[in-house]
Each structure stands twice: as C-alpha cells, then as structure tokens.
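>>> Give me a 3D structure for the following:
(2 chains)
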Amino acid sequence: DQQVKQNSPSLSVQEGRISILNCDYTNSMFDYFLWYKKYPAEGPTFLISISSIKDKNEDGRFTVFLNKSAKHLSLHIVPSQPGDSAVYFCAASVDTGRRALTFGSGTRLQVQP
Amino acid sequence: EPEVTQTPSHQVTQMGQEVILRCVPISNHLYFYWYRQILGQKVEFLVSFYNNEISEKSEIFDDQFSVERPDGSNFTLKIRSTKLEDSAMYFCASSGTSPLHFGNGTRLTVT
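A predicted model of the protein is given here:
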C-alpha cells in the first residue's frame, strides 16, 4: 500500500537553514493532510495540517504547501533548529481526518548545529 | 497539555496468549483509535471508535482483535491469541475537534 509516499528516508540540514520535507500521494479522495513529528520512544506529535481547499498553511516556523494537481505536499521548516531533529511523517485522510490516517514511511531530519 | 497515556510501555507475551493494551484518552475527546507500527514499517491504522462502537477498521483488525471502552476513561485493545507477527508498537490516539493526539505507545513483543 503506497498511497502516501515519502521518498527521502533522511535529510540533513544546517541549523538556521530551511528544511524541506516532501510527500506524494496517489489517492485522489484524500482531502486532509497532516504532518507529525516523532522522537524515539514517543508517539507521533501533530505539527500542522492542511485541507484540500487550501494550498498553504503556516504556523510559526512551519509551513505546509499543497499542490493538488501534482498530488504533492511539502513541509518547510524555517529556520531549522537542532531540536527539530526527528522523524517526520506525512499523513492523509478523507473527511477532516477523523477517518483513518494513511501514513508515509517517514523522513529522518537531522539538523546540524 | 493533556496527554494520551498508554500502559504498559512494554509487554512481552508468548504466542497464543491473550493481551490487553490499555489507553486513557484525553478526557474531552470523543474519537478513539488504535494504530500500530511494525519495526521498520509504516504506522498503520487498525480501528476507530466513536459513540461506543467501531466506526472504521482496517483489514489488519480481524477477529483476533477487539476494542472496548469499559468505563468513562479507559480504551482497550485486546488481542485474543497473539502471533509472532503481532509484535509491534501499538499507539492509541484520540481526537475531538483537533487532529489526532497519540500516546507514547506500547511495545508488544510476542515470543
């Protein structure tokens, strides 16, 4: 089941620079998209979401962009901080996210001081 | 900030045994979920629960699995006869109007 794909298993950036994490999806029924961050030995923590009626949502240092025609979304973190080092999961759902979330395989972000 | 709490953090059991994983969702949330992550694989949806009944379940959630909200605070996942392939991290989650909040998981090891 590859409905949500994160093709980069890892990403390394310098502190203060922009981190860009990418996600692609194949199911055109998805209309709600989320990013979660996960530290070792913890559960996923919600970061930011976007519904399909928007193409951008911003919350502090985090911005999610949605390109529906390309079935692609990205998470931008600016500026990146060492505490952002974690695994980032993209997830998608239909109907505001109360339905089942389909997760990508995750991207491990390492922010170098 | 309110949290979803899961117990135990680690459960070891023998194949064929029954296990019950416990969760206390955030108190004003009405939607409850179980997900699992097999080592090295994606987080996978198992089941959602609303208004005292299952609202959605995946193919993984077969007759060996059941969920229950036995009182006003707990939400449990029971696996009747565990198999080696049930070894995974099991995450409970809850939501209200907000996106899902996850607990820190129970690591289930079936030997």
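
>>> residue boundaries of the strands in chain B?
Along chain B, counting by DSSP state E, strands occupy B:5-7, B:10-13, B:19-24, B:31-37, B:43-50, B:53-57, B:65-68, B:75-79, B:88-95, B:101-102, B:106-110.

>>> how about those in CSV, adding mean neighbour count and mean pLDDT?
For the C-beta atoms, the positions are set from N, CA and C on the backbone; glycine is no exception. As requested, these are arranged in CSV below (neighbours: other CB atoms under 10 Å in any protein chain shown; pLDDT from 0 to 100):
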stretch, mean neighbour count, mean pLDDT
strand B:5-7, 17, 96
strand B:10-13, 14, 97
strand B:19-24, 19, 97
strand B:31-37, 24, 96
strand B:43-50, 22, 96
strand B:53-57, 13, 95
strand B:65-68, 16, 97
strand B:75-79, 19, 97
strand B:88-95, 24, 96
strand B:101-102, 23, 95
strand B:106-110, 18, 98
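
>>> Residue A:49: how many residues sit nearby?
20 (other CB atoms under 10 Å in any protein chain shown).

>>> can you tell me if stretch B:30-43 touches chain A.
Yes. Counting by CB under 8 Å from any CB of the partner chain, chain A is contacted by stretch B:30-43 at B:31, B:35, B:41-43.

>>> Give me the distance between that stretch and the centre of its chain.
How far stretch B:30-43 lies from its chain's middle: 7 Å, per CA atoms, centre = their mean, to the nearest Å.

>>> what's the span of it, first residue to last?
Its first and final residues considered, stretch B:30-43 spans 22 Å by CA to CA, to the nearest Å.

>>> Can you tell me the SS state at the residue of chain A found nearest chain B?
Nearest residue of chain A to chain B, counting by CB to the nearest CB: residue A:43, 3.4 Å away. Secondary structure, DSSP: H, G, I helix; E, B strand; the rest coil: residue A:43 is coil.

>>> Check residue A:83 too.
On the three-state scheme (three-state DSSP), residue A:83 is labelled helix.

>>> which residues sit in contact with it?
residue A:111 (CB atoms under 8 Å, 6 or more residues apart in numbering or on different chains).

>>> Distance of residue B:75 relative to residue A:98?
Computed as CB to CB, to the nearest Å, the residue B:75 to residue A:98 distance reads 16 Å.

>>> Could you measure from residue A:39 over to residue A:61?
17 Å.

>>> To clarify, my last question referred to residue A:93.
For residue A:93 relative to residue A:61 (CB to CB), the value is 24 Å.

>>> between these two, who's got more neighbours?
Neighbours of residue A:93 and residue A:61, each counted by other CB under 10 Å, are more numerous for residue A:93; the result is 23 against 14.

>>> For residue 16, give me phi and psi.
As the question left the chain open, I've gone with chain A. In terms of degrees, to the nearest 10, the main-chain angles of residue A:16 are phi 90, psi -20.

>>> Not quite, go with chain B.
phi 90, psi -10.

>>> and what of residue A:53?
Torsion angles, degrees, to the nearest 10, at residue A:53: phi -80, psi -10.

>>> Against residue A:31, how distant is it?
Residue A:53 sits at a distance of 8 Å from residue A:31 (criterion: CB to CB).

>>> want to throw the residues of stretch B:30-43 next to chain A into CSV with distance to residue A:89?
CSV is the format used below for the residues of stretch B:30-43 next to chain A (distance: CB to CB, whole Å):
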residue, distance to residue A:89
B:31, 19
B:35, 11
B:41, 12
B:42, 8
B:43, 7
